[in-house]
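> Here is my input, please return the structure:
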Amino acid sequence: MYINKAFLYGNLTRDPELRALPSGNQVATFGLATNRVYKDKEGRKQEATEFHNIVAFGRTAELIGQYMKKGRPLFVEGRLQTRSWESDGRKNYRTEIVVDNFQFGDGGRSGTGGESGTPTAAATPAPKQEQGEAIQYPDEDINPEDIPF
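Numbers count the residues shown, from 1 in each chain. Below is the predicted model of the structure:
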């Protein structure tokens with residue numbers, strides 16, 4: 001069995017470009033930047049950035065196009081695919097990551113990227129309890145024979 005899988009977490013380098021295919025299916029293309037930090041031979045900290053071309057189709061493309069903007073963090077799971085085409089008698093190649101699954105990033109709460117547009121548990125206040133008021137549990141016991149499994 002062969003595996004073609006890529007996992008990336010980075011920031012968008014440009015706003016997603018959303019287009020429709022002749023079939024009516026949506027396609028979104030955008031760039032994603034990832035970085036790594038390492039020490040060189042002299043022990044100095046260095047940072048290297050990689051830029052990736054990303055393509056998403058269907059509902060995934062619509063969601064990314066709707067909620068994501070340049071600079072926002074995104075986790076992408078997908079596969080590598082290389083396309084080729086001829087232009088001016090010259091063969092061109094482009095390697096892309098085709099999105100199978102994705103997750104919006106942290107929305108800037110850790111100091112990177114922008115807002116993802118999705119609320120979190122920290123953003124939603126818990127219902128307030130009055131002081132001295134305890135949680136009321138039912139009086140009846142659970143009978144193990146009532147459990148369906």
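> With Ala20 as the reference, measure out to Gly71.
26 Å (C-beta to C-beta, to the nearest Å). Bear in mind the C-beta positions are built from the backbone N, C-alpha and C, glycine included.
> okay, the two: which has more neighbours?
Remark: of Gly71 and Ala20, Gly71 carries more neighbours, 15 against 10, as counted by other C-beta atoms under 10 Å.
> Correct me if wrong: the more buried one contacts Arg14.
No - judged on C-beta atoms under 8 Å, Gly71 makes no contact with Arg14 at a distance of 9.5 Å.
> Identify the contacts common to these two.
Shared contacts of Gly71 and Arg14 (C-beta atoms under 8 Å, 6 or more residues apart in numbering): none.
> low-scoring pLDDT stretches of this structure, where are they?
Within the chain, the segments meeting pLDDT under 70 span 107-144, 146-149.
> the helices in it, which residues?
Taking DSSP state H as the criterion, the chain contains helices spanning 58-67.
> Mind jotting down where the strands sit in it?
6-12, 17-20, 26-39, 45-57, 73-87, 90-104 (DSSP state E).
> Quick one: those strands as CSV, columns for distance to Gln66 too.
Listed next are the strands of the chain as CSV, based on distance: least, C-beta to C-beta, whole Å:
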stretch, distance to Gln66
strand 6-12, 13
strand 17-20, 8
strand 26-39, 10
strand 45-57, 12
strand 73-87, 13
strand 90-104, 11
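> Glu17 reaches Asn53, doesn't it?
No - applying C-beta under 8 Å, one finds Glu17 not in contact with Asn53, separated by 11.4 Å.
> These two - which one has more neighbours?
A count of neighbours by other C-beta under 10 Å puts Asn53 above the other of Glu17 and Asn53, at 15 against 11.
> which residue sits closest to that one, ignoring its sequence neighbours?
Leaving aside its sequence neighbours, Asn53 sits nearest to Glu96 (C-beta to C-beta, 6 or more residues apart in numbering; 4.4 Å).
> List the contacts of the one you found.
Asn53, Ile54, Val55, Leu80, Gln81, Thr82, Arg83.
> What residues are bridge-paired with it?
Glu96 has the following beta-bridge partners by DSSP bridges: Gln81.
> That one and Gln46, how far apart?
Using C-beta to C-beta, one obtains 27 Å as the distance from Glu96 to Gln46.
> now Arg59
When C-beta to C-beta is the yardstick, Arg59 and Gln46 sit 40 Å from each other.
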